[in-house]
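# Give me coordinates for this.
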Amino acid sequence: MANTVTFNAESRAQVGKGAARATRRDGKVPAVIYGASKDPETISISPAQLRAALGQPGFFATLFDIEVDGNQQQVLCRDLQVHPVTDVPMHLDFLRVTERTRINLEIQVTFINENASPGLKGGGVLNIVRYAIEVVCRAGAIPEEFVADLTGLDVGDSIHISDITLPDGVKPTITDRDFTIATIAAPTVAPVEEEIDQDAEGEEGEAAANTDGEGGGEDDAGDGEE
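Coordinates of the predicted model:
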């Protein structure tokens, strides 16, 4: 199950871009809560709380309990706007949910047992096609992660969605094919040693030529002295 994080937020009476800019000048991050057939509610969140949550994996798959003026609402973040240069959070959209709300979201894939893969141990490369899988599930049953086991996989082998154990009630949004999660690719070996040998041979040839040239000069000088 995914983690639940609690945010203490403040209600914002004003709406619009000007009000959002004023909130940011006050050192807070503006946000809105919507959905569940209720009116949208504008709030502000402390940057410290937000940074702590963003530092954890699976931010968009995390349930948040947002407390405003003593009232708590369970939400999911559906959009995060950041500054194009500094990446500082500028605005968030939160969707109200209940345990039975069905939602689409992406769950990260974690790869395990790399040391038990003959292909990787032999120099192969793990080519990850999908770092996350989009699924449909209930808000009260969001998986924390999907685990892809690499045990026994050799070069040319692949992991497909059928190889991933999905909890009950969790379905991938792609249902028309057994799509690929990752493959074990053959190693790419550059002929480094051969190049080094050729360079060494070239240097030896140059050194020999220089030696011959120097020797000839000494002989000529000696002949001249006689």
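# Quick check: closest non-adjacent residue to the residue nearest in space to the middle of the chain.
Nearest to the mean C-alpha position of the chain, counting by Cα atoms, centre = their mean, stands residue 131 at 6.6 Å. Nearest residue to residue 131 in three dimensions, chain neighbours excluded: residue 109, at 6.1 Å (Cβ to Cβ, 6 or more residues apart in numbering). Where C-beta positions appear, they are placed from N, C-alpha and C, glycine not excepted.
# Contact partners for the one you found?
Applying Cβ atoms under 8 Å, 6 or more residues apart in numbering to residue 109 gives the contacts 128, 130-133, 145-148, 164, 181-182.
# where's it relative to residue 179, distance?
Going from residue 109 to residue 179 by Cβ to Cβ, to the nearest Å gives 12 Å.
# Which stretches in this protein count as strands?
Using DSSP state E, the strands of the chain run over 4-11, 29-35, 38-45, 63-68, 71-82, 89-96, 102-112, 125-128, 132-138, 146-149, 158-160, 171-172, 180-185.
# Format the CA atom coordinates belonging to stretch 126-139 as PDB.
In PDB, the C-alpha atoms belonging to stretch 126-139 read as follows (Å, rounded to 0.1, in the frame of the first residue of the first chain):
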ATOM      1  CA  LEU A 126      19.500  -3.800 -18.400                       C
ATOM      2  CA  ASN A 127      17.500  -1.800 -20.900                       C
ATOM      3  CA  ILE A 128      14.500  -0.300 -19.100                       C
ATOM      4  CA  VAL A 129      11.600   0.400 -21.400                       C
ATOM      5  CA  ARG A 130       9.100   1.500 -18.600                       C
ATOM      6  CA  TYR A 131      10.200   3.000 -15.300                       C
ATOM      7  CA  ALA A 132       6.500   3.200 -14.300                       C
ATOM      8  CA  ILE A 133       3.300   1.400 -15.200                       C
ATOM      9  CA  GLU A 134       0.000   3.200 -15.600                       C
ATOM     10  CA  VAL A 135      -2.800   1.400 -13.800                       C
ATOM     11  CA  VAL A 136      -6.400   1.800 -12.700                       C
ATOM     12  CA  CYS A 137      -7.100   1.100  -9.000                       C
ATOM     13  CA  ARG A 138      -9.000   2.200  -6.000                       C
ATOM     14  CA  ALA A 139      -7.600   5.200  -4.000                       C
END
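# for the protein, which spans come out with low pLDDT?
Along the chain, the model assigns pLDDT under 70 to residues 1, 189-226.
# Per the annotation, how does it divide into domains?
Domain ranges of the chain: 4-97, 103-185, 195-221, per automatic domain parsing.
# Can you give me the distance of residue 65 to residue 3?
According to Cβ to Cβ, residue 65 and residue 3 sit 11 Å apart.
# picking that back up, which one among the contacts of residue 109 gets closest to residue 16?
residue 132 (34.0 Å; Cβ to Cβ).
# what's the neighbour count on the nearest residue to the closest one once chain neighbours are set aside?
Excluding its sequence neighbours, the residue lying closest to residue 132 (Cβ to Cβ, 6+ apart) is residue 106, at 4.1 Å. Counted by other Cβ atoms under 10 Å, the residues lying close to residue 106 total 15.
# Contact partners for residue 106?
Under the criterion of Cβ under 8 Å, 6+ apart, the contact list for residue 106 reads 60-61, 132-135.
# Just the buried ones among the residues you listed, please.
Taking 16 or more other Cβ atoms under 10 Å as the criterion, what is buried in the contacts of residue 106 is 61, 132-133, 135.
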